[in-house]
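Chemist: This is the structure alone, sequence omitted:
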C-alpha cells in the first residue's frame, strides 16, 4: 500500500496532564480546552469561515503518548468496560493502541478565536496533536437505531454518567481558585479508576495521585458512599 505523511494542524491545551482521569468518552464531561492552530499566514485563518454557524466539531487526533511500534503490532485488547477480563479486536473498540494511533472525538464549540477554538468536552491529554477538524451535522450523523455491539450487554451494570460527591478539605480549598476547583470536581466526580478497580471495594482505601491543571492532587474514592475525598493539593513543580 502507498504510505502517506500527515502533519498536525494544531495542538490541544487541556487540564489533563497525564492519561489517568481522561474521560472514557468525549461526551462525559463539560471541561473546557483549547485547540490552538499554527497558522502561517492570514490566508490560512480563512479556514474558519462559516464554522461559527455550527455547534459541534469532530476532532481527529493522534494518541501521541501511545508507543507507535506496539500499537501497530496489537490485534486484540482488553476493554476496561469488560473489566479487563475479555479480549476484543482492536477495530471493535476505541482503544488508543491501534494502527496509526488515530482518535476521533465529538466536542462542542464554545467560541472561535483568531488562532484557536475553545471547546467543551473531549478526551484529550494536554499537548495532543490534531490532524483535522470537521463540523458535526446531526441531520446526517445522528442514527437513533444504531447498535452498540458488546457494550449493549454491560451498560446496565456500569453507569458511565454516575456522579460522585467530591469533597475538598479546607487546606486544599485555600490553595486553588473557584474555577480550578470546579474543573477538578468535574473531572473526579465520575470515578476515573479503571473498571476492575471500581468493582473491587478493597481498592477504596487506596490513595491515588493525579496531575491536573497545575496541581498534584492526592485523593481516595468511596464506592459505597459514592464520594471522592481530596486529601492534598500541591502546586506542580515539574
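Modeler: Happy to help now that I have it. Nothing here was measured: the structure is a model prediction, and the numbers come from that model.
Chemist: for the chain, which spans come out with low pLDDT?
Modeler: In the predicted model, the chain carries pLDDT under 70 at residues 28, 83-84, 152-161, 196, 199-200, 203, 237-238.
Chemist: List the buried residues of the biggest strand by length in the chain.
Modeler: What stands out as the longest strand in the chain, according to DSSP state E, is strand 102-112. Across strand 102-112, burial judged by 16 or more other C-beta atoms under 10 Å covers 103, 105, 107-109. Heads up, the C-betas are built off the backbone N, CA and C, glycines and all.
Chemist: What helices and strands are in contact with the helix or strand harbouring residue 33?
Modeler: In this assignment (DSSP states H and E), residue 33 forms part of strand 32-37. Applying 3 or more C-beta pairs under 8 Å, 6 or more residues apart in numbering; DSSP states H and E, we find strand 32-37 packed against strand 10-13, strand 116-120.
Chemist: I'd like those written out as TSV, with mean neighbour count and distance to residue 71 added.
Modeler: Formatted as TSV, these follow (neighbours: other C-beta atoms under 10 Å; distance: least, C-beta to C-beta, whole Å):
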stretch	mean neighbour count	distance to residue 71
strand 10-13	20	19
strand 116-120	19	25
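Chemist: Tabulate those (a markdown table), appending distance to residue 214.
Modeler: Shown next, in a markdown table, are the helices and strands packed on strand 32-37 (distance: least, C-beta to C-beta, whole Å):
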| stretch | distance to residue 214 |
| --- | --- |
| strand 10-13 | 12 |
| strand 116-120 | 19 |
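Chemist: Of those, which is nearest residue 55?
Modeler: Closest to residue 55 of these, according to C-beta to C-beta: strand 116-120, at 10.2 Å.
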